[in-house]
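In: how would this look folded up:
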Amino acid sequence: MAIKVPTANISHEEWLRMRQGGIGGSDAGGICGLNPYASPMSVYHEKVSQDVEDIDNEAMRQGRDLEEYVAKRFMEATGLKVRRSNAMYRSEEHPFMIADVDRLIVGEDAGLECKTASPYNSDKWKEEEIPPHYVIQCYHYMAVTGRKAWYIAVVILGQGFKFRKLSWDEELVQDLISIEENFWNNHVVPRVMPDPDGSEISEKVINRYYPRASRETIALPAEFDQQLRRREEILELEGRLAQERKLIDQKIKMFMGEYEAAANERYRVSWSNVDTVRIDSRRLKQEQPELYRSFSMSSQSRRFTVKAA
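Out: Sure thing, here's the model as predicted:
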């Protein structure tokens, strides 16, 4: 069973605070390492931050604006009726699990998740495929609400509409609950940051926590020696692979000569003209120093390097 908290008359900031107080459907994929836009570290940061972050971008806005349209297309395609829930659900058995669902199916023990996708990501929806973090999102909603099925519908902009139905999977649901419970009780509650996972998202979180260096040196534990040796091996391998790729490029360029494109049944290669206009910053600084200073921008970051002692 789930506790139903009405959201129709609350402010956006109040909704964000409610979302911060538990693991939501979009968080679940990040915790499981399946969301390309989130990681365990980024979800942790969001939950323990004193400031409520309202992350938004054009793609997210389009998704919200087109949600009603996706629901309409789903009803047309299936003959089913859907309704808004206007509530945040919180699991009674696992109160750290929350769900803000798009739609509920009328007359069926199921819900609906509405998505929009760029044509560039259409391959992620080919045939019967669903992006893994969306699958986890739907099973999270099932786990919280107790509903036995969840539909997911997507409008691929300019290409078409698809929908899938996911049914209750006891083993998957229990595994998901266990992962989320471990994350909440062993990281969020005691304020213990999860280990990094190598993603760009985790890199951004680390940089936010440690934006400036103190110009002091600490002793590096010997336990890092093996990892740093492996890092050297990876850099060497990357260098060899980069040279091999460049060799392939050069051979094809020699074959193409003056031709802009080459193609066969499997590949299309282009070597096109690109006109670039750049500002001569050195000359501008010399001849127009005041103008150069007025348009100059400074930024601060930290550079990570490894050298042999």
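In: Which parts of the stretch 51-200 of the chain are helices?
Out: In the stretch 51-200 of the chain, helices defined by DSSP state H, counting those that start in this stretch lie at 58-65, 67-78, 132-145, 170-183, 200-209, listed in chain order.
In: Tell me which of the ones you listed is the most buried.
Out: Highest mean neighbour count of these: helix 132-145, a mean of 23 (counted as mean count of other Cβ atoms under 10 Å). C-beta coordinates here come from the backbone N, C-alpha and C atoms, glycine included.
In: Between helix 170-183 and that helix, find me the angle.
Out: Per axes from the mean of the first three to the mean of the last three Cα atoms, to 10 degrees, the angle that helix 132-145 makes with helix 170-183 is 90 degrees.
In: hey, C-alpha coordinates of helix 132-145 in PDB?
Out: Provided in PDB are the C-alpha atoms of helix 132-145 (Å, rounded to 0.1, in the frame of the first residue of the first chain):
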ATOM      1  CA  PRO A 132      16.800   0.500 -19.300                       C
ATOM      2  CA  HIS A 133      16.400   3.400 -17.000                       C
ATOM      3  CA  TYR A 134      12.800   3.900 -18.100                       C
ATOM      4  CA  VAL A 135      12.200   0.200 -17.400                       C
ATOM      5  CA  ILE A 136      13.500   0.600 -13.900                       C
ATOM      6  CA  GLN A 137      11.400   3.800 -13.500                       C
ATOM      7  CA  CYS A 138       8.200   1.800 -14.300                       C
ATOM      8  CA  TYR A 139       9.000  -1.000 -12.000                       C
ATOM      9  CA  HIS A 140       9.800   1.500  -9.200                       C
ATOM     10  CA  TYR A 141       6.300   2.900  -9.700                       C
ATOM     11  CA  MET A 142       4.800  -0.600  -9.500                       C
ATOM     12  CA  ALA A 143       6.800  -1.200  -6.300                       C
ATOM     13  CA  VAL A 144       5.500   2.000  -4.700                       C
ATOM     14  CA  THR A 145       1.900   1.900  -5.800                       C
END
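In: re earlier: now mean pLDDT and distance to residue 51 too, for the helices of the stretch 51-200 of the chain, in JSON lines please.
Out: Shown next, in JSON lines, are the helices of the stretch 51-200 of the chain (pLDDT from 0 to 100; distance: least, Cβ to Cβ, whole Å):
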{"stretch": "helix 58-65", "mean pLDDT": "72", "distance to residue 51": "19"}
{"stretch": "helix 67-78", "mean pLDDT": "95", "distance to residue 51": "27"}
{"stretch": "helix 132-145", "mean pLDDT": "96", "distance to residue 51": "25"}
{"stretch": "helix 170-183", "mean pLDDT": "97", "distance to residue 51": "21"}
{"stretch": "helix 200-209", "mean pLDDT": "91", "distance to residue 51": "11"}
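In: Generate a markdown table for the ones you listed, with distance to residue 50 as supplementary columns.
Out: Formatted as a markdown table, the helices of the stretch 51-200 of the chain follow (distance: least, Cβ to Cβ, whole Å):
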| stretch | distance to residue 50 |
| --- | --- |
| helix 58-65 | 23 |
| helix 67-78 | 30 |
| helix 132-145 | 26 |
| helix 170-183 | 20 |
| helix 200-209 | 13 |
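In: For residue 20, which of those is the nearest?
Out: helix 170-183 (14.5 Å; Cβ to Cβ).
In: how about residue 193, what does it touch?
Out: For residue 193, the contact set (Cβ atoms under 8 Å, 6 or more residues apart in numbering) comprises 41, 44, 187, 209.
In: Drop anything exposed from the residues you listed.
Out: With burial judged by 16 or more other Cβ atoms under 10 Å, the buried subset of the contacts of residue 193 is 41, 44, 187.
In: and for stretch 38-51, what are the contacting residues?
Out: So stretch 38-51 is contacted by 20, 23, 26-27, 29-31, 33, 53, 183, 187-188, 191, 193-197, 199, 201-202, 204-206, 208-209 (Cβ under 8 Å, 6+ apart).
In: What are the buried residues along it?
Out: 38-47.
In: With stretch 18-31 instead?
Out: Residues 18-20, 22-31 are the ones in stretch 18-31 that count as buried (16+ other Cβ under 10 Å).
In: ok, for residue 255, nearest residue in space, not its chain neighbours?
Out: Excluding its sequence neighbours, the residue lying closest to residue 255 (Cβ to Cβ, 6 or more residues apart in numbering) is residue 262, at 7.2 Å.
In: what about that neighbour, how many residues close to it?
Out: 15 (other Cβ atoms under 10 Å).
In: thought it was touching residue 253?
Out: No - with contacts counted by Cβ atoms under 8 Å, residue 262 stays clear of residue 253, the gap being 9.9 Å.
In: list the contacts for the nearest residue to residue 63 once chain neighbours are set aside?
Out: Counting by Cβ to Cβ, 6+ apart, the nearest residue to residue 63 once its immediate chain neighbours are dropped is residue 116, at 5.0 Å. Going by Cβ under 8 Å, 6+ apart, residue 116 touches 62-63, 66, 70, 154-157.
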